[in-house]
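J.: Provide a 3D model corresponding to the input given below.
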Amino acid sequence: MTKKKILYLSYTGLMEPLGRSQILAYLSRLSDEYQFTIISFEKSADLDNIDDIKALKKECESYGINWQPKAYHHKPRLLATLWDLSALIYYTWSYSNRAQVIHCRSYIPAIAAWIVGKTTKVPFVFDMRALWPEEMIDAGRLERGSMIHRILVWLESKLLKDAAHVVSLTQAAVDYLQIQQPYLKNQNFSVITTCVDLDKFKLNTPINKPKKLGTMGTVISGWYHLDWLFLSLKTQLQRDSSATFKIVTRDSEKMLRGMAKQYGLQQSKLEIMSSSPNDIASNIADLKAGLLYFTAGISKLGSAPTRMGEFLACGIPVIGNRGVGDMASLIEKYQVGVVIEDGSQKSIYQALDNLDELYQDKELSKRCRYAAEEYFSADKGAEKYRKVYKAITSLYKK
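T.: Below is the predicted model:
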């Protein structure tokens, strides 16, 4: 069987953990039917690591993947991005004559494919990943109504309209876009969330129910309610004096312990540790629940926290808030945790009560694992992408 050729464009480096888990995890599973050329933009520190580059190239070659790493430029931000976009347009033009589909991971690659496609007519998949203009505004890097903002919004509408297929991390983002731009109801959308390699996350069924609450990943940022987190830990300690807590993160331990002190938490009650990707599963195995308190808003409608899938894959329920992608609806649909309405003392106390009640269900851990297999599985995600490619290539003959 002659494999169909896909040109995959990513502004995220394949050398980054995210590149391996959210790009290679899918493409390796699809390489039986498709021949991929990946153009990714790698950070200079990663490009300098010659041995790792060679090892990853060899791994890609084992799947028949032609990986072409390029240099990512960071500063000055706008000029660097425009420089990379120019390079991406050139590379897209160079490789697109051998491709039947161009898969664009996020906005910058999609802009390049859209521009080149005006001449080549090669269809492209706009794999959004998030609502980028809104994220830029929330991060303080873009002013709403500014010239650059208006240009990005105009480009976003063109990409959404002209893509052969649009992939979103969440249904919430699709619903929002179709309300804002009603003509998109005729566009082909697929919801494919961030994936988890379930082989690395085994179902944990402890004999004694754990007492630890905690979380993992980046928490010192503008995207996470640290105040909700520490109020939850303080409230749990008031309810159960034997409770302990854990935060698995690479964030500043000094800053986190300082905040714990502000909330009157004994330092001996809180364990803070970093972890390699391969050790995450074992390091969260003793948690009673993962606390996922992300800031809500328009920009977060397109977010799908990978850590939620990792908690569930280990059989660990979660407490999460509304307004963050599909998180709340997934918790309620699969009954794998508690949805918190706000960060008040009353809401947190009620959520912890509800968690204790949920823990009386002997099927809870299995239900969490089932939800991870149904929604966050890399295998399921790859098959969704396979359907997208088949739908496009069946219409486009080259």
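J.: output the below-cut-off pLDDT ranges for the chain.
T.: Where the chain drops to pLDDT under 70, the residues are 205-209, 397-398.
J.: go with 80
T.: Segments of the chain classed as low confidence (criterion: pLDDT under 80) are 1, 17, 139, 204-211, 222, 277-278, 396-398.
J.: kindly list the longest strand within it.
T.: strand 34-42 (DSSP state E).
J.: list of residues touching it?
T.: The contact list for strand 34-42 (Cβ atoms under 8 Å, 6 or more residues apart in numbering) reads 3-15, 19, 23, 27, 30, 60, 63-72, 84, 88, 91-92, 95, 98-99, 389. C-beta here means a position set from N, CA and C on the backbone, and glycine is covered the same way.
J.: past it, which element shows up next along the chain?
T.: Remark: after strand 34-42, the chain's next helix or strand is helix 44-47, criterion DSSP states H and E.
J.: which other residues reach that following helix?
T.: Residues from elsewhere that reach helix 44-47, judged by Cβ under 8 Å, 6+ apart: Gly13, Met15, Glu16, Asp52, Ile53, Pro69, Ala71, Tyr72.
J.: would you mark the buried spots in the next helix or strand after it?
T.: The helix or strand immediately downstream of helix 44-47 is helix 50-62, counting by DSSP H and E. Buried residues in helix 50-62, counted by 16 or more other Cβ atoms under 10 Å: Ile53, Leu56, Lys57, Cys60.
J.: again, but for stretch 193-213
T.: Using 16+ other Cβ under 10 Å as the test for burial, stretch 193-213 gives Thr193, Thr194, Cys195, Val196, Asp197, Leu198, Phe201, Leu203, Asn204, Pro210, Lys212, Leu213.
J.: contacting residues for the third one?
T.: To tie it back to what came earlier, the one meant is Cys195. So Cys195 contacts Ser21, Gln22, Ala25, Tyr26, Gly309, Phe376, Ser377, Ala378, Gly381, Ala382 (Cβ under 8 Å, 6+ apart).
J.: for it, which non-adjacent residue is spatially closest?
T.: Distances taken as Cβ to Cβ, 6 or more residues apart in numbering place Ala378 nearest to Cys195, at 3.9 Å, with adjacent residues excluded.
J.: and the one you found, how far is that from Ser28?
T.: Here the criterion is Cβ to Cβ, to the nearest Å. By it, Ala378 lies 9 Å from Ser28.
J.: before we move on, the earlier item: of the contacts of helix 44-47, buried ones?
T.: When these are checked for burial by 16+ other Cβ under 10 Å, the buried set is Gly13, Met15, Glu16, Ile53, Pro69, Tyr72.
J.: just those residues now: which is nearest Gln238?
T.: Glu16 (40.6 Å; Cβ to Cβ).
J.: OK, contacts around the closest one?
T.: The neighbours of Glu16, taking Cβ under 8 Å, 6+ apart as the test, are Lys43, Asp46.
J.: that one and Ile53: what is the separation?
T.: Counting by Cβ to Cβ, the gap from Glu16 to Ile53 is 13 Å.
J.: same deal with Asp227?
T.: Note on Asp227: its distance to Ile53, by Cβ to Cβ, is 42 Å.
J.: now Gln68. Nearest residue, chain neighbours left out?
T.: Nearest residue to Gln68, sequence neighbours excluded (Cβ to Cβ, 6+ apart): Ile39, at 5.0 Å.
J.: what bridges to that neighbour?
T.: Leu9, Gln68 (DSSP bridges).
J.: equivalent analysis for Lys212, please.
T.: Beta-bridge partners recorded for Lys212 (DSSP bridges): Leu287.
J.: surely it meets Val248?
T.: No. Contact between Lys212 and Val248 fails when scored by Cβ atoms under 8 Å: they sit 11.0 Å apart.
J.: residue contacts, the most centrally placed residue in the chain?
T.: Among the residues of the chain, the one closest to the centroid is Thr194, at 4.6 Å (Cα atoms, centre = their mean). Residues in contact with Thr194 (Cβ under 8 Å, 6+ apart) are Gln22, Leu169, Ala304, Pro305, Thr306, Gly309, Phe376.
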